[in-house]
Every structure is written in C-alpha cells, then in structure tokens.
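**Student:** sharing a model prediction with you, sequence too.
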Amino acid sequence: MSENTLLVATTNPGKAKEIQTFLSSLKVKVFSLCDIQLEPSYPEDKETFIENARGKSLFYSGFWPGLTLAEDSGLEIKHLKGAPGVLSARFSGPQATDEKNIQKVLNLMKGVPFERRKARFVSAVVLSKKKEILKEVEEWAEGFITFEKKGRSGFGYDPIFFYPPLDKTFAELRPEEKNKVSHRGRALEKLKAYLGWHAEDAAKTDEG
C-alpha cells in the first residue's frame, strides 16, 4: 500500500463522504471503514471528543499502513448541560437513528425560548500513523437549536442546528457552504497544510 493513503476511521457514510469531499483536492487516496474489511472495532467510550478521536485513530492505525484520520464530533446544548455530547450518535438509545435523536432533542427542548437554545457542534480530529499521533485539532461552530427541522442536506442534527451568520440551519446549506463554516470543516482545514505536505513528500519518496 502506498504511503499516500488515508483511512477515515468511520462507518458513518455521511461523515465519510463529507471528509472525502473536503480532502479531494489533496494527492491522497482516501478510504473509510465502509470501503475496507477490518474486523476489530474501537469502543468509543471516553468522556471527551478528543479522547475518543485519539483512541480511535491510534487503534485503527495499528491495522493500516498509511495515515489514519479519526474524528469524533457531536452536539452540545447549553440548556441540557452539554448533552447529548459524546453520546450524540446514540442519544436516543441502542437503536438510535438521526430522526430519533432529533426528536429526543426537540422533546427535551420543548417550551424553551430561542435565546436559551444555544448550542455548538464540536469536532475533534486526530491524525496518526503506526500508532503514533501526528496531529490533533479541535474546532467548533456555535448556533441555536430550532423549534422544528429545516432543510434536507447534511446528516445527524443538521436540520435543527441554526447557524446565525448565514441565517440557515446546516441542513439548508449546500455541502461546499457547510464545509466552510462547520466544526468539521474548520478542523479539517487546519489539517490540510500538513496533509498536503505529507502527500507531496510521500510522492517524492515513491518516485525516488
């Protein structure tokens, strides 16, 4: 396997596609856990996003010869004391779906006025290789929880996350618009310079 390969350690197709699209301009072949067969799985049981991302990146880098990028992200709502937080993907239980998670949040926030519906998306990204961390980044995007779903793009809680600077929910934004302002987009942007350098360096090594 060439050095200029990158594994996105996720089985979430929406997240994998978003990251692959964002990194498409780099000379790096991007795969996800959806594309390859890896039997072991990492239990995301830590208390913070960065700890989960770090553990996941180091774990899968032990089974992959190239770079491994792990991202843990979620929604933090001030009125709910930071919930759903690291439990964002499974907030509504073992059989959680995006729709069930959204409905649970809306139910918990019922009757709460707009000014008290402050929330933020958090993204922690960790890049590693052969069980060694190369780069860590944590970013966020601040907004409010809406009273109902709006928009059909994105995934997860995007339909109920209102982003004031653009006066839209994340689900109302085109992918390229969202990538410029989202928590994940901001974190990945900080990794681009490093990834670009690594890809060029790897290519020179391969040619040599």
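**Tutor:** Yep, it's here. Bear in mind the structure is a predicted one, so any value in this text is a computation, not a measurement. Residues are numbered from 1 along each chain as shown.

**Student:** surely T5 touches S61?
**Tutor:** No - counting by Cβ atoms under 8 Å, T5 does not reach S61; the two are 11.9 Å apart. Yep, even glycine has a C-beta here, placed from its N, CA and C like the rest.

**Student:** neighbour-wise, which of these two wins?
**Tutor:** S61 (25 against 17; other Cβ atoms under 10 Å).

**Student:** state the pLDDT value of that one.
**Tutor:** With respect to pLDDT, S61 scores 94.

**Student:** ok, back up a step: what's the overlap in contacts for T5 and S61?
**Tutor:** Taking Cβ atoms under 8 Å, 6 or more residues apart in numbering as the contact rule, T5 and S61 both touch L67.

**Student:** any weak-confidence spans in this structure?
**Tutor:** The chain contains residues with pLDDT under 70 at 1-3, 196-208.

**Student:** so in it, which strand runs the longest?
**Tutor:** In the chain, with assignment by DSSP state E, the single longest strand is strand 132-145.

**Student:** who does it pair up with?
**Tutor:** Using DSSP bridges, the strands paired with strand 132-145 are strand 118-129 (antiparallel), strand 161-163 (antiparallel).

**Student:** what number of residues lie near E44?
**Tutor:** E44 has 17 nearby residues by other Cβ under 10 Å.

**Student:** nope, D158 is what I meant
**Tutor:** 25.

**Student:** against A141, how distant is it?
**Tutor:** 11 Å (Cβ to Cβ, to the nearest Å).

**Student:** how about E189?
**Tutor:** Computed as Cβ to Cβ, the E189 to A141 distance reads 12 Å.

**Student:** please identify which of the two sits among more neighbours.
**Tutor:** A141 (20 against 14).

**Student:** quick check: the more buried one touching K178?
**Tutor:** No - applying Cβ under 8 Å as the test, A141 and K178 come out as separate, 9.4 Å apart.

**Student:** quick check: N101 touching A83?
**Tutor:** No - using Cβ under 8 Å, N101 is not in contact with A83, being 11.2 Å away.

**Student:** which residues do those two both contact?
**Tutor:** F91.
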